[in-house]
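Participant: let's see this in three dimensions:
(one chain, ligands or ions: 1)
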Amino acid sequence: MMRIDKYLAEMGQGTRSEIKKLIRSGRVMVDGETVKKPELKIDETTQKVSLEGKQIGYTKKEYYMLYKPAGVISATKDDRDKTVLDLITDKKRNDLFPVGRLDKDTEGLLLITNDGELAHRLLSPAHHVDKQYYALVEGELPADAVSQMEQGVTLEDGTVTRPARLELLPEKEGEFTKTLLTIHEGKFHQVKRMFEALGCKVVFLKRLSMGNLVLDPELETGAYRPLTEGELTNLRIMTGMED
Ligand code: URA
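Facilitator: Model (predicted):
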């Protein structure tokens, strides 16, 4: 059971005080009857709520796979820049957030949800969730780049990263080297800083996967879709929320 004003606020229908006004002015119906008390408790699992004639279903958790484009920021709100949440246009809930951050100029896989426990588990160092990136790199990589990454590299501030797996793709793009780098942690600008430690500059970065969640090749840049049941179950299994 929950209050009708909370129900509508969680479903992104306005602020709590805007919603109270809408309810008091008779715009909300529960099971076909107008209700005027914001504190009215309803059963969100069985009762039908409508606002100005439009039915508003209740969803507890939402999960979206977004192909983040460059130029938007991994935040829920920003005064200047477009955020990843602005791209999820048919979300139902008002409490979604991105799981972790990609830099403004980084593209690729981003999970958007309101499931705090799953997010925490995916980001927690204890779970060592692998993240694979495609990085286009400028400058000559040292001959032992793969083994340096395998041993962990020392960043400019003295921190040593955990071992990472570097794969050099055979073809070049102009003078740039195409690489795949898999890391197990998520330090600030980690991939860029790891290549910097090897004397190179990342000129393009795209996240391909996060654990067993892989960016859908059918998604266009900037597009998103709900996670499938299978993807969600696999994430829950991977993070120990289900066996
Ligand atoms: N590493 C980076 O340097 N940037 C990102 O956005 C993600 C990982």
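
Participant: near the ligand, which residues of the protein?
Facilitator: Neighbours of the ligand within the chain, by CB under 6 Å from any ligand atom: 102-103, 106, 189-192, 205. Bear in mind the C-beta positions are built from the backbone N, C-alpha and C, glycine included.

Participant: check the burial of the closest residue to residue 29 other than its chain neighbours by counting its neighbours.
Facilitator: Residue nearest to residue 29 in three dimensions, not counting chain neighbours: residue 50, with 4.8 Å by CB to CB, 6 or more residues apart in numbering. Residue 50 has 15 neighbours, counted by other CB atoms under 10 Å.

Participant: now swap in the one 4 residues further on and tell me
Facilitator: Other residues within reach of residue 54, judged by other CB under 10 Å, total 8.

Participant: on that earlier part again, can I get the buried part of the residues of the chain next to the ligand as one PyMOL selection?
Facilitator: Entered in PyMOL, the line below selects the buried ones among the residues of the chain next to the ligand, by 16 or more other CB atoms under 10 Å:
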select buried, resi 102+103+106+190+191+192+205
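
Participant: now, the residues of the chain next to the ligand that are in helices?
Facilitator: Per DSSP state H, helices hold the following members of the residues of the chain next to the ligand: 190-192.

Participant: now do the helix or strand containing the residue nearest to residue 29: which elements does it pack against?
Facilitator: Residue 50 belongs to strand 49-51 when assigned by DSSP states H and E. Counting contacts by 3 or more CB pairs under 8 Å, 6 or more residues apart in numbering; DSSP states H and E, strand 49-51 packs against helix 4-10, strand 28-30.

Participant: mind putting the residues of the chain next to the ligand in CSV, pLDDT included?
Facilitator: Below are these laid out as CSV (pLDDT from 0 to 100):
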residue, pLDDT
102, 98
103, 98
106, 98
189, 96
190, 97
191, 98
192, 98
205, 98
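
Participant: for residue 71, which three-state class applies?
Facilitator: coil (DSSP: H, G, I helix; E, B strand; the rest coil).

Participant: could you point out the helix or strand that follows the strand holding residue 50?
Facilitator: Under the assignment DSSP H and E, the closest C-terminal helix or strand after strand 49-51 is strand 54-55.

Participant: just want the most central residue of the chain.
Facilitator: residue 111 (2.8 Å; CA atoms, centre = their mean).

Participant: SS state for that one?
Facilitator: strand.

Participant: if I look at it, how far off is residue 208?
Facilitator: 13 Å (CB to CB, to the nearest Å).

Participant: next: residue 171.
Facilitator: 17 Å.

Participant: kindly report the same for residue 236.
Facilitator: In terms of CB to CB, residue 236 sits 21 Å off from residue 208.

Participant: also residue 79?
Facilitator: Distance from residue 79 to residue 208, by CB to CB: 31 Å.

Participant: tell me which of these two has more neighbours.
Facilitator: residue 208 (15 against 4).

Participant: which parts of the lowest-mean-pLDDT helix or strand in the chain are buried?
Facilitator: Lowest mean confidence among the helices and strands of the chain (mean pLDDT, DSSP states H and E): strand 165-173, at a mean of 92. Neighbour-count burial for strand 165-173 flags residue 166 (criterion: 16+ other CB under 10 Å).

Participant: shouldn't residue 179 be within a strand?
Facilitator: Yes - counting by three-state DSSP, residue 179 is located in a strand.

Participant: number the residues from 100 up from this point.
Facilitator: Fine by me, first position is 100 from now on; the one you just mentioned is residue 278.

Participant: contact partners for it?
Facilitator: 233-236, 240, 265-268 (CB atoms under 8 Å, 6 or more residues apart in numbering).

Participant: one more time with 7 Å
Facilitator: When contacts are counted by CB atoms under 7 Å, 6 or more residues apart in numbering, residue 278 touches 234, 236, 265-268.
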